[in-house]
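Asks: No letters, just coordinates:
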C-alpha cells in the first residue's frame, strides 16, 4: 500500500471514529460517556437449593420443604393448606392435588427466577442490563425512565424492572409481578402489590451476590430479606448452553391433563 493510500485510510477511519463518537453522545444519556461496568461475563449458576427461594439449603421436591416468608396468620394458614395439596401432585391416587404453576405455564416468572436451575448470563449496556435465564430475558432499564402510568400497569410474568448503578452494585426494583405464580416449588404466592429489590455485586472473581428484599404490604408482616449467590461456571471453551426448557408437547414425559400432572415413569 502506498504512503498516500495509508494516509487516506487513516483519515477515513478518523472520520468514522468521530462520527461514532458524535452518534453516541447524541443517542446515549450523559452518564454513558463515563460508563465503566463490572465484568460479569461468562455463565453463572444459582448456588445451593432451587427448592426454596429464600434459602440455599432447601431440598427440592422433599415433603416439608418450604420457605418461611413473614406471612400474616391468615395467609400462613392458606399457604399450609395449599402446600399439603401440592405435595400430592404427580400421585395418580391423590384426591385433590394442585400443580406447580411452573409446570402448568412452563415458566417460573418473577421472583422465582432469582433462584432457578438454569444458566445465567448478563449483558450490560449503558442503558439496560439483560439477565438471560434459560429462555427468559429480564430487561432491566438503567436509563432513568419513570414507571409506566398507573393505567398502563398490569401483571406480567417477569414484572417490570428498572435499575441504577451504585458503584459496582446493580440495584434492581421490580413491580407488576403476577400474583398467581408460585415463588418456589411450593404454592407460596405474593400479592399484586408486591415489589422486589435486588442488590447484585461481584464479591469475588467467581461469585455474584444478590441481596433480595421482597415487600408485600398485603401478605407480609414485614419485608422478607435473604441472600442468594451465583457461581461462575468454568470457562473451558468446550461447554455449550442447554436447549431451553420446553413443555406441553407430544414428547413431554409428564404431561398436564385437565390441570393435573400425569406421571409416566421412566423405563
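Replies: That came through fine. Predicted model only: the values in this text are computed from it and were never measured. Numbers count the residues shown, from 1 in each chain.

Asks: Pop the domain breakdown of this structure in here.
Replies: 3-32, 44-261 (automatic domain parsing).

Asks: of all these, which gets the most neighbours per residue?
Replies: The densest packing among the domains of the chain, expressed as mean neighbour count by mean count of other C-beta atoms under 10 Å, is seen in domain 44-261 with a mean of 16. Every C-beta, even on glycine, is put in place using the N, C-alpha and C of the backbone.

Asks: so what does the host helix or strand of residue 230 touch, helix or strand wise?
Replies: Assessed by DSSP states H and E, residue 230 sits inside strand 224-232. Using 3 or more C-beta pairs under 8 Å, 6 or more residues apart in numbering; DSSP states H and E as the contact criterion, the elements in contact with strand 224-232 are strand 44-46, strand 207-215.

Asks: Quick one: mean pLDDT over the first one.
Replies: The predicted model assigns strand 44-46 a mean pLDDT of 96.

Asks: downstream neighbour of that strand in the secondary structure list?
Replies: Using DSSP H and E, the helix or strand that follows strand 44-46 in sequence is helix 73-86.

Asks: And the contacts of that next one?
Replies: Outside helix 73-86, the residues that touch it by C-beta atoms under 8 Å, 6 or more residues apart in numbering are 66, 71, 96, 97, 98, 99, 100, 185, 186, 187, 188, 219.

Asks: Please compute how far it lies from its chain's middle.
Replies: Here helix 73-86 shows a centroid-to-chain-centroid distance of 25 Å under the convention C-alpha atoms, centre = their mean, to the nearest Å.

Asks: Tell me the first helix or strand C-terminal of it.
Replies: As the chain continues past helix 73-86, the following element, by DSSP H and E, is helix 101-105.
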